[in-house]
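Enquirer: I would like the atomic coordinates for the input below:
(one chain, ligands or ions: 1)
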Amino acid sequence: MLILNKLHRAAGDLLALIFPPTCPVCNATLSEGEQVICNCCRVAMPMTGYIGRIDNAMERRLWGLVPFVQASALYFYIEGSPYRRIIHAFKYGSKWRLARDMGEWLGGEMARSHAFESVDVIVPVPLHPLRRMWRGYNQSEYLAEGVARVLKRPINHHALRRTRYTTSQTRHSKNERWDNVHGHFATRRGASFAGKHVLLVDDVFTTGATICACAEAILRVAPDCQISVVTLAVSQREVADLF
Ligand SMILES: [Zn+2]
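Expert: Below is the predicted model of the structure:
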């Protein structure tokens with residue numbers, strides 16, 4: 001096992017030598033000590049400051065829809081911003097390791113805030129099996145894995161499923177997004193959420209339609225459970241009037 005680990009690390013070092021890691025935002029080669037994102041981009045990152053902040057704009061966006069305990073996101077997804085490349089890289093560019101690294105960053109901020117300590121289980125927002133097969137993975141699973149590693153909570157990849165194949169949410173207007181996902185999620189037989197605090201994890205929060213549809217599916221089978229949500233980014237446009 002030790003030899004395998006050493007070989008794995010050596011292969012990783014060799015790959016890093018041939019293909020040095022680059023910053024997904026500005027594409028500069030990362031210097032020694034820089035992790036995931038270069039220091040310049042890290043300092044200028046449009047962080048939300050929502051994690052651990054009660055009644056933040058994302059929570060206000062969800063008021064009256066589904067009773068969430070907490071809702072937070074790490075940074076703002078802004079039209080035309082180079083920071084959108086982080087999401088695009090793991091969603092469309094096969095950079096699944098980046099999703100896990102960003103999940104660890106997100107999990108670190110959550111741990112520091114102590115706001116998510118009552119979470120029992122982490123559930124990534126599922127893709128439809130066809131879309132998952134086409135992409136090869138579900139980016140939200142890797143984000144959730146990163147969060148779970150830091151928070152040291154179990155992750156359940158299979159508790160929730162997407163029952164209908166729908167077109168990408170990005171192509172729809174605000175109202176269409178709700179219709180596009182409403183009632184399209186269900187819990188798997190045997191998934192037990194009763195009395196638990198479930199943390200839903202997704203990549204981007206826009207209207208909240210997908211997250212609410214997932215929460216409704218869970219609350220249908222376990223009305224006494226509590227649900228929180230965390231996403232890597234939140235569309236600034238969607239919460240701009242709620243600061
Ligand atoms: Zn950079």
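Enquirer: Next, the buried residues of stretch 114-121.
Expert: Residues 115, 116, 119, 121 are the ones in stretch 114-121 that count as buried (16 or more other Cβ atoms under 10 Å). All C-beta spots, glycine's among them, are computed from the backbone N, C-alpha and C.
Enquirer: okay, those in CSV with secondary structure next?
Expert: What follows is these, written out as CSV (DSSP: H, G, I helix; E, B strand; the rest coil):
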residue, secondary structure
115, coil
116, coil
119, coil
121, strand
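Enquirer: The protein against the ion: which residues are in contact?
Expert: 23, 25, 26, 38, 41 (Cβ under 5 Å from the ion).
Enquirer: chain center to whichever strand or helix holds the last one, what's the gap?
Expert: If I follow you right, that is residue 41. In the assignment (DSSP states H and E), residue 41 maps to helix 39-43. Between the centre of helix 39-43 and the centre of its chain there are 21 Å (Cα atoms, centre = their mean, to the nearest Å).
Enquirer: Next, the buried residues of that helix.
Expert: residue 41.
Enquirer: Quick one: mean pLDDT over it.
Expert: Taken as a whole, helix 39-43 has a mean pLDDT of 96.
Enquirer: same check, this time on stretch 216-231
Expert: Per-residue pLDDT over stretch 216-231 has a mean of 94.
Enquirer: Quick one: end-to-end distance for that stretch.
Expert: Start-to-end span of stretch 216-231 (Cα to Cα, to the nearest Å) is 18 Å.
Enquirer: still on that earlier bit, please write out the alpha-carbon positions of the helix holding residue 41 in PDB.
Expert: Provided in PDB are the C-alpha atoms of helix 39-43 (Å, rounded to 0.1, in the frame of the first residue of the first chain):
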ATOM      1  CA  ASN A  39      -2.500  34.500  -5.100                       C
ATOM      2  CA  CYS A  40      -3.500  37.500  -7.300                       C
ATOM      3  CA  CYS A  41      -6.800  35.900  -8.300                       C
ATOM      4  CA  ARG A  42      -7.400  34.600  -4.800                       C
ATOM      5  CA  VAL A  43      -7.100  38.100  -3.300                       C
END
